[in-house]
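Trainee: Can you look at this prediction? I've put the sequence above it.
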Amino acid sequence: MWSQMTEELGRFLKGMVKAEEEIVSSVESAVGDLKNFAVRSVLRGISYDSLKHVEMYRSAGELLSEPRPALDEGQLDVQMALVARH
């Protein structure tokens, strides 16, 4: 049962990666010669957001199949400070 759920989740995540990559591709081709800076900026923002989603979905998929080391206390402190500044 657990392996079936893991496989289904893995397929879902791969599908989401593909969908987000298609968004990035379509937006990038749409903004090519666009002269309106505001519209181009908004569309690129959408594209960048989709790139972020691709990374998150890939990362989640990797967690299903590959063990990842935990952060040590020093690494955690650095990351917490980074997030706090953001």
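Mentor: Thanks, I have the structure now. Keep in mind the model is a prediction, meaning the values are calculated, not measured.
Trainee: I'd assumed Val27 was in contact with Ser50.
Mentor: Yes. Between Ser50 and Val27 there is a contact at 7.5 Å, judged by C-beta atoms under 8 Å. For the C-beta atoms, the positions are set from N, CA and C on the backbone; glycine is no exception.
Trainee: and for those two, which residues touch both?
Mentor: Counting by C-beta atoms under 8 Å, 6 or more residues apart in numbering, no residue touches both Ser50 and Val27.
Trainee: any idea where the strands of the chain begin and end?
Mentor: Taking DSSP state E as the criterion, the chain contains no strands.
Trainee: mind listing the helices for it?
Mentor: 2-30, 37-65, 73-85 (DSSP state H).
Trainee: packing partners for the second one?
Mentor: Here helix 37-65 is seen to pack against helix 2-30 when contacts are counted using 3 or more C-beta pairs under 8 Å, 6 or more residues apart in numbering; DSSP states H and E.
Trainee: Next, the angle helix 37-65 makes with the helix it packs on.
Mentor: On the basis of axes from the mean of the first three to the mean of the last three C-alpha atoms, to 10 degrees, helix 2-30 is oriented at 160 degrees to helix 37-65.
Trainee: Any regions of this protein where pLDDT drops low?
Mentor: Along the chain, no part satisfies pLDDT under 70.
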